[in-house]
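Trainee: build me a model from this:
(one chain, ligands or ions: 1)
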Amino acid sequence: MTPRDVALDMARRIEPSGGRETVVDPGAGEGSLLLAAAETILSRAPGTELDLFGVELDPKLAAVASAALSSVEATRTEIVVDDFLATHQDAVSRAAHALESASVVIANPPYGGGREYDFFASCNQRCPPGTQLIFLLPLEFVDRVEGLSDVTPLTGRPLGVTTGHAIVRHLAGTPVTVRPIRETIRQGRFSVLTGVKLYELGGGSPKQTPDVIRSKPFSSTHPRLGWLPCVRTGDVQRDSVQLGRLWVEYGDHLAHPKDIARFSGPKVFVRRVPIWSERAIGAGYNDDTVLCAGDVLVVREPSDDADLLRGLSRWLNTRSAASLMHIRRPMLTRRDSFPKFSVKDLAAVLANAPPDDALHQLSNRPIAA
Ligand SMILES: C[S@@+](CC[C@H](N)C(=O)[O-])C[C@H]1O[C@@H](n2cnc3c(N)ncnc32)[C@H](O)[C@@H]1O
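Mentor: As a prediction, the model looks like this:
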């Protein structure tokens, strides 16, 4: 759910017309965005005739939203329990009607599986031209979509997650182009794999309990017999991987242990938050059995060619690799918003890596200062 200060930050971007306003939230949750929008509009333009309309998949949340909005002096308030995306196939549904008369859409849509793109595209296409669309979106969305009217990246971690967010204010009908969401990256010589997730409520076997999450029994800053080193972002510097700051008892009790094979043998660890102060992505070669956490990716090569991977690590630390990443993900330089790149971002950069013989040559070169 959107924290109150972020909801108000979004709402203050609404420019009230002074007449009638229809405000829509297509994934209304507990109604916090509609509430912030209503308060802002009524304080700036008292006497506004206000229609509040929300769609929410979860009936319990919808009931909370209805109760939260009951005190607002709106002309009409309606929270419909429905699937916003499915609703759109039904041209006569109430949600479709609300969108067709919307003057403001305020939304923090569900993320993942392309849903944030679908929510945004639906509103951009179906609302009358000029409707103010105020969305809270991941920075990755901002990097993918060209033509957005106004983007304000948020600093810090206001949503408590380690992915950067931005408030997007866009006028409906202004065309945008979206780089394909379910893009296929040409399968190259390398595979990019994710790290382990140590703790998550209900994750792992047996299922992790709140006590496990609190006491963190499977990780330690000191080595223990049979435990494995696990690297995190700060441990991966240009062509170096520092071990020994975190040790993990590997096994099914971890939230998402992943297959141990990816962590054994020749591999390159790549940090998902680049070292922009050095204009480098940040990659290091390693061939021991070493785990990495979710903020680090693992690059493997099918024949486990150690020299090739050493060369690849050198190349990944060059400015040309950093530029390729930067072109794809310009928002990564917003260090105060903590954006990370994804498996696909790295796979796309690797698709442009030099040929094998050039990487072999690079592997023999001394490490640049
Ligand atoms: C990130 S929450 C935001 C909730 C609220 N707008 C806020 O900002 O606090 C997204 C909400 O969208 C709802 N949701 C997810 N998929 C949906 C769909 N297809 N149609 C309608 N609501 C959906 C979820 O149940 C959740 O309450």
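Trainee: excluding its backbone neighbours, what's nearest the closest residue to the ligand within the stretch 201-350 of the chain?
Mentor: The ligand sits closest to residue 337 of the stretch 201-350 of the chain, with a gap of 17.7 Å, by CB to the nearest ligand atom. Yep, even glycine has a C-beta here, placed from its N, CA and C like the rest. With sequence-adjacent residues excluded and distances taken as CB to CB, 6 or more residues apart in numbering, residue 337 is closest to residue 164, at 3.3 Å.
Trainee: and for that neighbour, the neighbour number?
Mentor: 24 (other CB atoms under 10 Å).
Trainee: so it touches residue 333, yeah?
Mentor: No - under the criterion of CB atoms under 8 Å, residue 164 makes no contact with residue 333, lying 10.7 Å away.
Trainee: what about the strands in the stretch 151-300 of the chain?
Mentor: Here the stretch 151-300 of the chain has its strands, by DSSP state E, counting those that start in this stretch, at 165-171, 177-178, 191-193, 219-220, 228-231, 236-237, 240-241, 247-248, 267-271, 283-286, 291-292, 296-300.
Trainee: weakest of the ones you listed in terms of mean pLDDT?
Mentor: Out of the strands of the stretch 151-300 of the chain, strand 177-178 stands lowest, with a mean of 91 (criterion: mean pLDDT).
Trainee: what is that strand packed up against?
Mentor: strand 145-146 (3 or more CB pairs under 8 Å, 6 or more residues apart in numbering; DSSP states H and E).
Trainee: list the strands paired with the strand it packs on, with their directions.
Mentor: Under the criterion DSSP bridges, strand 145-146 sits next to strand 177-178 (antiparallel) in its sheet.
Trainee: for residue 329, which non-adjacent residue is closest in space?
Mentor: residue 143 (4.9 Å).
Trainee: list the contacts for that neighbour?
Mentor: Taking CB atoms under 8 Å, 6 or more residues apart in numbering, we find residue 143 in contact with 328, 329, 330, 331, 332.
Trainee: so residue 24 is in contact with residue 96, correct?
Mentor: No - with contact defined as CB under 8 Å, residue 24 and residue 96 do not form a contacting pair (10.7 Å).
Trainee: out of the two, which sits in the busier spot?
Mentor: Neighbours per residue, other CB under 10 Å: of residue 24 and residue 96, the larger number sits with residue 24, 27 against 15.
Trainee: which parts of the helix or strand harbouring residue 359 are buried?
Mentor: Using DSSP states H and E, residue 359 falls within helix 356-364. Of all the residues in helix 356-364, those buried under the rule 16 or more other CB atoms under 10 Å are 359, 362, 363.
Trainee: next, the distance between the ends of stretch 337-357.
Mentor: Using CA to CA, to the nearest Å, the end-to-end distance of stretch 337-357 comes to 38 Å.
Trainee: got it, and stretch 219-237?
Mentor: 22 Å.
Trainee: so how far is that stretch off the chain centroid?
Mentor: Distance of stretch 219-237 from the chain centroid (CA atoms, centre = their mean, to the nearest Å) equals 26 Å.
Trainee: got JSON lines for the strands of the stretch 151-300 of the chain, with distance to residue 2 and mean neighbour count too?
Mentor: Below are these laid out as JSON lines (distance: least, CB to CB, whole Å; neighbours: other CB atoms under 10 Å):
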{"stretch": "strand 165-171", "distance to residue 2": "10", "mean neighbour count": "21"}
{"stretch": "strand 177-178", "distance to residue 2": "23", "mean neighbour count": "11"}
{"stretch": "strand 191-193", "distance to residue 2": "32", "mean neighbour count": "18"}
{"stretch": "strand 219-220", "distance to residue 2": "31", "mean neighbour count": "14"}
{"stretch": "strand 228-231", "distance to residue 2": "33", "mean neighbour count": "22"}
{"stretch": "strand 236-237", "distance to residue 2": "33", "mean neighbour count": "22"}
{"stretch": "strand 240-241", "distance to residue 2": "38", "mean neighbour count": "18"}
{"stretch": "strand 247-248", "distance to residue 2": "34", "mean neighbour count": "20"}
{"stretch": "strand 267-271", "distance to residue 2": "29", "mean neighbour count": "26"}
{"stretch": "strand 283-286", "distance to residue 2": "36", "mean neighbour count": "24"}
{"stretch": "strand 291-292", "distance to residue 2": "32", "mean neighbour count": "28"}
{"stretch": "strand 296-300", "distance to residue 2": "29", "mean neighbour count": "23"}
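Trainee: just so I know, which of those strands lies nearest residue 321?
Mentor: Nearest to residue 321, of all the strands of the stretch 151-300 of the chain, is strand 283-286, at 8.4 Å by CB to CB.
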